[in-house]
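> Need a 3D model of the following:
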Amino acid sequence: MKTLVIAEKPSVARDIARVLGCSKKENGALEGNKYIVTWALGHLVTLKDPEDYDKKYKEWNMAVLPMMPEKLQIKVIPQTGKQYHAVTTQLARKDVNEIVIATDAGREGELVARWILDKAHNQKPCKRLWISSVTDKAIREGFANLKDAKEYDNLYRAAVSRAEADWLVGINATRALTCKYNAQLSCGRVQTPTLAMICARFKENRNFVSTPYWQLHIALKKDDVHRQFFHPEDFRDKNGAEAAYRRITSDSVVTINKVERKTVFQQAPLLYDLTALQKDCNIHHDLSADKTLSIAQSLYEKKLVSYPRTGSRYIPEDVMAHVPALLEKVITMPWFREYGRTFDLSGLNTRSVDATKVTDHHALIVTGVVPEGLSEAEAVVYEMIAGRM
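Below you'll find the predicted structure:
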């Protein structure tokens, strides 16, 4: 008997197949002695369109709104139907007695696999592969610690809730706005409040009125030592600033009444998510957001960093357990060799360790694979990720 592994995309399927020894090519799958690895192409199954429930919904008409099916149903996406049938062909094999869900470790990845299995009316037992990177080591450890898929039922329910909310809010509101104003207007659960924030910020910027102010500071020199002192407040009135300036400059003697010195401690920054990485790469290296994402994706495909499209700046405890070993490799790299000589692995900061704040994917970290042959831009982004870690 064999186990069928369902990955989210072909590239990940090939990595898993190589580790599991699956080299025989089948229709939409790779087979070995014990495992068969197949893949989705992102979503192969989606929620039905309005007209699938009733032909009257095909015409955009305010009179039929809101569209509220008693139960939202799923269907195979026509454009990727060929791969869906390839997956279900493997599912139906009599020598397959177990399924391993190996889609991305997150809410949307769970939905990709579960909708395929639901649509195919699968009754075979399922396990869950839960890994955040596709290095050979991570894959081997993941298969050695497979979970019961039932442990992730609530994650699946959350994904379904999100998808159904998008359907009910987005499709109804989009049709309502378009019909009411006779214009192509789009509305969505996420895009509309996001657009509202952008518009509010734009209006705030457009309506901003600058107010002139004056600052007062004095430069002192003694024994080739220069010091600058600033008045603690800005002057809104030019006459007041000039009066203060005259009082100071009327006497050539300046008395320093008090000097304070203090040490300020700053918390270590959180690990990078994609947005924070894009921001810093733009500030320090003039890389656009798209360019940074493209480079990070390239590093991910070379198995040098974890999944880049993440909105989380935290890692769970089980990932933290591997961090000391990863850092031992990082500090031997040319970028960090000098710093590594004094680096103390016994007192690592755990500010970014919080499983409750990890979303679909954890924060960006390196995998421990030694980078070779990187382009200049790839080296820059890799150094940013490893350096922040």
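> Could you point out the helix or strand that follows the one helix or strand L220 maps to?
L220 is part of strand 217-222 when elements are defined by DSSP states H and E. Scanning forward in sequence from strand 217-222 by DSSP H and E, the next helix or strand is strand 225-230.
> Can you list the strands that that next one pairs with?
Strand 225-230 pairs in its sheet with strand 217-222 (antiparallel), by DSSP bridges.
> C-alpha coordinates for the partner strand, PDB please?
Only the C-alpha atoms of strand 217-222 are listed here, as PDB (Å, rounded to 0.1, in the frame of the first residue of the first chain):
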ATOM      1  CA  HIS A 217      20.800  76.700  18.700                       C
ATOM      2  CA  ILE A 218      24.200  77.700  19.800                       C
ATOM      3  CA  ALA A 219      27.600  76.300  18.800                       C
ATOM      4  CA  LEU A 220      30.400  76.400  21.300                       C
ATOM      5  CA  LYS A 221      34.100  75.700  20.900                       C
ATOM      6  CA  LYS A 222      36.700  75.200  23.600                       C
END
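> How far off centre is it?
Distance of strand 217-222 from the chain centroid (CA atoms, centre = their mean, to the nearest Å) equals 49 Å.
> thinking again about what came up before, contact partners of the strand holding L220?
With CB atoms under 8 Å, 6 or more residues apart in numbering as the test, strand 217-222 has contacts from H226, R227, Q228, F229, F230, H231, I248, V254. C-betas here are computed from N, CA, C, even on glycine.
> which residues does the most centrally placed residue in the chain contact?
Against the mean C-alpha coordinate of the chain, by CA atoms, centre = their mean, the closest residue is T310 at 1.1 Å. With contacts defined as CB under 8 Å, 6+ apart, T310 is in contact with D273, L274, T359, D360, H361, H362, A363, L364.
> Can you list which of the residues you listed are found in helices?
Mapping the contacts of T310 onto helices (DSSP state H) picks out L274.
> List only those of the contacts of T310 flagged as buried.
Buried by 16 or more other CB atoms under 10 Å: D273, L274, D360, H361, H362, A363, L364, out of these.
> was I right about the last one contacting L299?
In other words, L364. No: counting by CB atoms under 8 Å, L364 does not reach L299; the two are 9.4 Å apart.
> which residues do the two both contact?
In terms of CB under 8 Å, 6+ apart, L364 and L299 are both contacted by the residues V305, P308, I385.
> picking that back up, compare the contacts of strand 217-222 and tell me which has the most neighbours.
Scoring the contacts of strand 217-222 on neighbours with other CB atoms under 10 Å, the highest-scoring entry is H231 at 15 neighbours.
> is it true that that residue touches G240?
No: with contact defined as CB under 8 Å, H231 does not reach G240; the gap is 10.7 Å.
> for the stretch 101-250 of the chain, what spans make up the strands?
Ranges of strands in the stretch 101-250 of the chain, per DSSP state E, counting those that start in this stretch, are 126-128, 147-148, 217-222, 225-230.
> residue boundaries of the helices in the stretch 101-250 of the chain?
107-119, 136-144, 153-165, 172-181, 191-206, 238-249 (DSSP state H, counting those that start in this stretch).
> buried set for the third one?
Spelled out, it's helix 153-165. For helix 153-165, by 16+ other CB under 10 Å, it's L155, Y156, A159, V160, A163.
> Pick out whichever of the buried ones among the contacts of T310 sits closest to M333.
Comparing the buried ones among the contacts of T310 against M333 with CB to CB picks out L364 as the nearest, at 16.5 Å.
> confidence score at the nearest residue to the closest one once chain neighbours are set aside?
Of all residues not flanking L364 in the chain, Y272 sits nearest, at 4.4 Å (CB to CB, 6 or more residues apart in numbering). Residue-level confidence at Y272 comes out at 98, pLDDT.
> wait, isn't Y272 in contact with H361?
No: counting by CB under 8 Å, Y272 stays clear of H361, with 12.0 Å between them.
> can you count the residues close to the closest residue to F343 other than its chain neighbours?
Residue nearest to F343 in three dimensions, not counting chain neighbours: I331, with 5.2 Å by CB to CB, 6+ apart. I331: 18 surrounding residues under other CB under 10 Å.
> what does V358 give?
A count of nearby residues for V358, using other CB under 10 Å, gives 21.
> thought it was touching Y314?
Yes: counting by CB under 8 Å, V358 does reach Y314; the two are 5.3 Å apart.
> I'd like to check which residues are in contact with P10.
W39, L41.
> hmm, I was thinking of Y53
Y53 neighbours (CB under 8 Å, 6+ apart): M67, P69, Q73.
> Reformat the residues you listed as TSV; add pLDDT and neighbour count.
Formatted as TSV, the contacts of Y53 follow (pLDDT from 0 to 100; neighbours: other CB atoms under 10 Å):
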residue	pLDDT	neighbour count
M67	96	16
P69	94	16
Q73	97	11
